[in-house]
Every structure is written in structure tokens, then in C-alpha cells.
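Visitor: Need coordinates for the following:
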Amino acid sequence: MDESILLRRDLTVPFPEPVWPEGIMPVLFSQSMLEELHTLLSIGYTKLQGDVPSLEVWQNRLLSDPEFDAELLFVAQAANGALVGFAHCWNSGFLKDIVVHPDWRGIGIGEALVLRVFEACRNRYHKQCELKVKPANIDAVRFYKKLGFMKVPS
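Guide: Next up is the predicted model:
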């Protein structure tokens, strides 16, 4: 099985402000979104990123995790009200999940979400943001490197 690699982004190096694509806006997370976010995660993640547990298991793990902070769950919503992407960052500055619905990829939602994570981490005095990705997930690795993430030597 493919082991994940650790990537790190230095937050002391400048990064641009998030730019949201037309018709997409950031919205505050609320627990009423959990079912739709779980569905989005299930649709958006492939076997390259890992399995998504049932809604009940995922929700319980998320809300009981000591690293969880609702202010670090960033949601992108389309003009029609659909939730089309989200990024979930832990208190420690670790980007736990990011997903954009496949029909909405390639227009900048993922980049805007990650840049929003960078802002939040920097505002909490983190000097870096980390994440793990499977090396076989070539598109994700390319995306993260474009945003300044670098592989952490083992």
C-alpha cells in the first residue's frame, strides 16, 4: 500500500489573498451542513485519497476530535446554495481534508480554500501548514506544490 508523504508550506513566505470564482462564496460552517459535507467528501475523494467512513462515524470523529475547531472548517457555496467544496484544518495547522466536487474543479475553489487555510493558520501564529498526500495522487501533489508545499524529508 502507498504510504503518504508529508508536505509543508512555510507561512512566513508571502502568499496571495484568496480569490473566489464568480458565483462561489465562502460561508461559515454550521453543524447543519454535516450531511452535505460528508456527501461531498464521499463524492470527491477517490481511492487515491482514502476511504470515507459512514456519516455517523465521520461526524462523531470530527466533532469529538480535540483538534477540531469549527472556525477552521472552510466551506465554499455556489450561488444555487449547493456546497461545492471545503477545507478542514486542525488547530495544529495541519490541513486534514480538502475536497471540491468534481463538477466544480479547475476554476479556483480549491486554491481559494487552501489560501483561506493559510490565512487562518498564520493568524493563529503558525509558521507552517502541513498535510499528507499519497504520492500516487499526482494531481493533488501538483496542486499542493503549486501552492508552495514542499516534501518534508523522511
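Visitor: so where do the helices sit in this structure?
Guide: 34-44, 55-64, 109-123, 138-146 (DSSP state H).
Visitor: who touches the shortest one?
Guide: What it means is helix 138-146. 5, 7, 9, 48-49, 110-111, 131, 133-135 (C-beta atoms under 8 Å, 6 or more residues apart in numbering). For the C-beta atoms, the positions are set from N, CA and C on the backbone; glycine is no exception.
Visitor: rerun that using 10 Å as the cut-off
Guide: Outside of helix 138-146, the residues within contact range by C-beta atoms under 10 Å, 6 or more residues apart in numbering are 5, 7-9, 46, 48-49, 95, 98, 105, 110-111, 114, 131, 133-135, 137, 149-151.
Visitor: can you check the second one too?
Guide: Applying C-beta under 10 Å, 6+ apart, the external contacts of helix 55-64 come out as 31, 34-35, 37-39, 41-42, 52-54, 68, 70, 73, 88, 96-97.
Visitor: Can you say which of the residues you listed are buried?
Guide: Buried members of the contacts of helix 55-64, scored by 16 or more other C-beta atoms under 10 Å, are 34, 37-38, 41, 52, 68, 73, 88, 96-97.
Visitor: Lowest-confidence entry in these?
Guide: When the buried ones among the contacts of helix 55-64 are compared on pLDDT, residue 52 comes out lowest, with 88.
Visitor: so who does that residue touch?
Guide: Listed by C-beta under 10 Å, 6+ apart, the contact partners of residue 52 are 38-45, 58, 97, 99.
Visitor: Repeat the analysis, applying 7 Å as the threshold.
Guide: Residue 52 is in contact with 41-42, 45, 58, counting by C-beta atoms under 7 Å, 6 or more residues apart in numbering.
Visitor: One more: residue 18?
Guide: Counted by C-beta under 7 Å, 6+ apart, residue 18 has contacts 112, 115-116.
Visitor: switch to 8 Å and redo it
Guide: 26, 111-113, 115-116, 119.
Visitor: gap between it and residue 108?
Guide: 9 Å (C-beta to C-beta, to the nearest Å).
Visitor: thinking again about what came up before, quick one: buried ones out of the contacts of helix 138-146?
Guide: The buried subset of those (16+ other C-beta under 10 Å) comprises 5, 7-9, 49, 95, 98, 105, 110-111, 114, 131, 133-134, 137, 149.
Visitor: which pair in those spans the largest distance?
Guide: Spatial extent of these (C-beta to C-beta) is set by the pair 8 and 105 at 24.0 Å.
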